[in-house]
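Trainee: give me the fold of what follows.
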Amino acid sequence: MNHNGTVNRLQPIMLAKWASQLKIFNILEELYWLIFNFLSKVHHALLIRKRIKSFKSCGEVGSISPLSCIVHEAGLELGNRVCIGEFTHIVANGGVRIGDGTLIASHCSITTITHPINCANRFDAPTILKPIEIGKNVWIGTGAVILPGIRIGDNSVIGAGAIVTKDVPANCVYIRNPARYLKNLTAEK
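Mentor: Now for the predicted structure:
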């Protein structure tokens, strides 16, 4: 409407032009997000490919989240089809071997480094490296912690939030903090 109350004859034309510009904007925004998502996937794939080359060894790749953190990648050995979730930290200075088909959920911590307990000056004391070995077909739940020197047997399950302070035999479920035996999986078959 004009200031005198009459309808401007150009107003419908302006609305139509504005609507077509909005449609174009929506199409461009959708195209932007399609390209962004595609390039993100390509970037993640390239990042993982580069990362795998620095591992000590790696079988057929399963899924390694680009949001995982792996320190001293040269100490990591992965079997076939291993999955490592988001925000999982692996410190492999002492050597970490993970068997075929193992699933590691998000927010886990696997570290091979520890410090001396009885030490006057812990800051200056040399770190202690202990290797970790995780068997085949192991499932490590969200937020689990695997401490230095631990061996987890084939087909075992580590419950969410468990802190593994001792070796876990094959075909067992361990839960809680510190992790303790819950049941044997071979008895269920």
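
Trainee: any chance you could map the helices in the chain?
Mentor: 11-53 (DSSP state H).

Trainee: flag the shaky bits of it, pLDDT-wise.
Mentor: Scanning the chain for pLDDT under 70 picks out 1-16, 187-189.

Trainee: give me that answer again for 80
Mentor: Under the criterion pLDDT under 80, the flagged ranges of the chain are 1-22, 45, 118-122, 187-189.

Trainee: ok, the residue lying closest to L78 once chain neighbours are set aside - contacts?
Mentor: Distances taken as Cβ to Cβ, 6 or more residues apart in numbering place C58 nearest to L78, at 4.5 Å, with adjacent residues excluded. Where you see a C-beta, it was placed from the backbone N, CA and C, and this is true even at glycine. Going by Cβ atoms under 8 Å, 6 or more residues apart in numbering, C58 touches 52, 77-78.

Trainee: was I right about G141 contacting I163?
Mentor: No - applying Cβ atoms under 8 Å as the test, G141 and I163 come out as separate, 11.7 Å apart.

Trainee: spit out the contact partners of F36.
Mentor: So F36 contacts nothing (Cβ under 8 Å, 6+ apart).

Trainee: give me the neighbour count for the residue lying closest to A162 once chain neighbours are set aside.
Mentor: Spatial nearest neighbour of A162, chain neighbours left out: A179 (4.1 Å); criterion: Cβ to Cβ, 6+ apart. A total of 24 residues lie near A179 under the criterion other Cβ atoms under 10 Å.

Trainee: tell me who's in contact with A179.
Mentor: By Cβ under 8 Å, 6+ apart, the contact set of A179 is 144, 158-159, 162-166, 168.

Trainee: which among those residues count as buried?
Mentor: 144, 158-159, 162-164, 168 (16 or more other Cβ atoms under 10 Å).

Trainee: report the two of these separated the most.
Mentor: Greatest spatial distance among the buried ones among the contacts of A179 (Cβ to Cβ): I163 and V168, at 11.9 Å.

Trainee: how many neighbours does I146 have?
Mentor: Applying other Cβ under 10 Å, we find 26 residues neighbouring I146.

Trainee: gap between the closest residue to it other than its chain neighbours and S68?
Mentor: Residue nearest to I146 in three dimensions, not counting chain neighbours: I110, with 4.4 Å by Cβ to Cβ, 6+ apart. Noted for I110: a distance of 10 Å to S68, by Cβ to Cβ, to the nearest Å.
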